[in-house]
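Student: Take this sequence and fold it.
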Amino acid sequence: MDFRRSGQLDERRRRVLMDEIATPSDTDKAQATTSSKGPVRAYSESVLSDRQKRVSEFIPLRPFAVIATILLLLTAVAGIEALYIFATPPGGYAKINPAQIKAGATTAEHPFAALDLDARGNIGSWFSSLMFAGGVLMVYSLLSIRAHRVDDYRGRYRVWWWVGVALAWASIDTATGLHDALGHALQLLAGDGMPGGHKLLWVGIYGLIFGTLGLRASFEIWSSLAAMVAASCAALLYFAGIALHLEMAPLPGGHVLQTVISSSLTLLAHVSLITAVLLYARHVHFDAQGRLMVTVDASPKAKKKPKSKAKLAVVADDDAEKKPAAKDKKEADKKEVDKKEAPTAAKPAAASGLKFGSSTAPTASASISSKTNTAPSNYADDDDEDEDEDEDSNLSKSERRRLKKLARRDPGQQRRAA
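Tutor: So this is what the prediction gives:
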């Protein structure tokens, strides 16, 4: 049984088969590699560097992803505080006696030591450490893009190296409590026996170093409004937390309430700081992709001369003065032409007195006089036009046209009068 076949479809099928044969698929390549003799690649080609995810892909770009990340961090802070409230008695846990620590009893009255936010190495400290570690990765991804900015001739992007180092130190410090050890060491070196002096020392050093770095980074993130708002919130929360830590602003309530307020301020300050880094990394990524257009002035703008009405009024007054002057010159030229015409008209009159009965002489004199009138008038018109062009070089086009029309009408009136 024969089926109908169209020649065009067969030809197209033939071409498709030829293309498939010419370009082998990935399965053919895999089979070729497995069937080839000698050493074979242990992994597929999907592990190559050009097929791996880039560092910038870990930056949350969509608004939903950004909002979800911030809400997740805030929810974690609320959960940590709730666990501490429910796991701690209203009066708080009793402090461990140093004698018990020397004897080896380190877990005397702390059944939930990991949830005690007033103790060292609690869950809040470890959460802050993880946040700062994530901030280091975010700074690294930001720096990999920011270093290629075209107009950064002075290398301002290098400040982010120091920001990454500071976040790494903060991650270690929040987990281990190195700031207390640093404060005690400085107090011993200074020979100061003031109680609580170690807190003032480490707060002063940290405030000087990290405050200067934060101020320098604020000039860098100035272009991103959202990042600037988050950084400002972080600074305010840090100031409030420092004031509570140094007991500059006493809080009402019991020990649990004071611990919850101070730890909440500290954790929210950490969240705001990481949010600022995240938002600025997102801003830099969009700027590198061309979504945020930046206007660059290639050459300084030429200063435009302001148009003043007073100048236009002065020009109009000058034009009004020039027009009567031109008319006076034309009248003087007419008088000179009339004076020249008078002697030329007298000569034919004398010649006509010698001839009796001649009627052609006056006509000849009239023709001569007409010729003499036209010749000097043409020269006068040319001179007037040249003078008008020189005088009217500063006038507008419309005013020049009007003056030319007036100059053309005047010779016509002179000819009619003649």
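Student: Only C-alpha atoms from now on, for both contacts and neighbour counts.
Tutor: Noted.
Student: Contacts only, for the closest residue to residue 280 other than its chain neighbours.
Tutor: Nearest residue to residue 280, sequence neighbours excluded (CA to CA, 6 or more residues apart in numbering): residue 227, at 5.5 Å. Counting by CA atoms under 8 Å, 6 or more residues apart in numbering, residue 227 touches 221, 275, 276, 277, 278, 279, 280.
Student: Just the closest of these to residue 403, please.
Tutor: residue 221 (64.3 Å; CA to CA).
Student: and the closest one, how many residues sit next to it?
Tutor: 20 (other CA atoms under 10 Å).
Student: correct me, but it touches residue 231?
Tutor: No. Counting by CA atoms under 8 Å, residue 221 sits too far from residue 231 to count as a contact (9.1 Å).
Student: Count the residues that sit near the nearest residue to residue 122 once chain neighbours are set aside.
Tutor: Here the nearest residue to residue 122 in space, its sequence neighbours aside, is residue 114; by CA to CA, 6+ apart that works out to 4.6 Å. Residue 114 has 17 neighbours, counted by other CA under 10 Å.
Student: what do you get for residue 409?
Tutor: 11.
Student: do the same with residue 266
Tutor: 23.
Student: low-confidence ranges in the stretch 51-200 of the chain?
Tutor: 90-110, 193-196 (pLDDT under 70).
Student: so where do the helices sit in it?
Tutor: 63-87, 98-103, 123-146, 159-176, 178-190, 197-220 (DSSP state H, counting those that start in this stretch).
Student: Arrange those helices in TSV, one row each, with distance to residue 42 as further columns.
Tutor: Written out in TSV, the entries for the helices of the stretch 51-200 of the chain read as follows (distance: least, CA to CA, whole Å):
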stretch	distance to residue 42
helix 63-87	36
helix 98-103	55
helix 123-146	30
helix 159-176	36
helix 178-190	46
helix 197-220	46
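Student: Packed most tightly, which of these would that be?
Tutor: When the helices of the stretch 51-200 of the chain are scored by mean count of other CA atoms under 10 Å, the highest mean neighbour count falls to helix 123-146 (a mean of 21).
Student: packing partners for that one?
Tutor: helix 63-87, helix 159-176, helix 255-288 (3 or more CA pairs under 8 Å, 6 or more residues apart in numbering; DSSP states H and E).
Student: Need the contact partners of it.
Tutor: For helix 123-146, the surrounding residues in contact (CA under 8 Å, 6+ apart) are 55-56, 59, 77, 80, 114-117, 157, 160-161, 163-165, 167-168, 170-175, 267, 270-271, 274, 277-278, 281, 284-285, 288.
Student: make it 7 Å
Tutor: Outside helix 123-146, the residues that touch it by CA atoms under 7 Å, 6 or more residues apart in numbering are 55-56, 80, 114-115, 117, 157, 160, 164, 167-168, 170-172, 174-175, 267, 270, 274, 277-278, 281, 284.
Student: Give me the angle between that helix and helix 63-87.
Tutor: Taking axes from the mean of the first three to the mean of the last three CA atoms, to 10 degrees, one finds helix 123-146 and helix 63-87 inclined to each other by 160 degrees.
Student: and the angle for helix 123-146 with helix 255-288?
Tutor: Helix 123-146 runs at 10 degrees relative to helix 255-288, counting by the same axes, to 10 degrees.
Student: i'd like the first residue to be 172 from this point on
Tutor: Sure, I'll start counting at 172 from here, so that last one is helix 294-317.
Student: got the CA positions of helix 294-317 in CSV?
Tutor: Coordinates of the C-alpha atoms in helix 294-317 are reproduced here as CSV (Å, rounded to 0.1, in the frame of the first residue of the first chain):
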residue,chain,number,x,y,z
ILE,A,294,22.2,30.6,71.5
GLY,A,295,21.9,34.3,70.9
SER,A,296,25.7,34.7,70.6
TRP,A,297,25.9,31.8,68.2
PHE,A,298,23.1,33.2,66.1
SER,A,299,24.9,36.5,65.9
SER,A,300,28.1,34.7,64.9
LEU,A,301,26.3,32.9,62.1
MET,A,302,24.8,36.2,60.9
PHE,A,303,28.2,37.9,60.8
ALA,A,304,29.7,34.9,58.9
GLY,A,305,27.0,35.3,56.3
GLY,A,306,27.8,39.0,56.2
VAL,A,307,31.4,38.1,55.3
LEU,A,308,30.2,36.0,52.4
MET,A,309,27.9,38.8,51.3
VAL,A,310,30.8,41.3,51.4
TYR,A,311,32.9,39.0,49.4
SER,A,312,30.2,38.7,46.7
LEU,A,313,29.8,42.5,46.8
LEU,A,314,33.5,43.1,46.4
SER,A,315,33.8,40.8,43.4
ILE,A,316,31.4,43.1,41.6
ARG,A,317,32.3,46.5,43.1
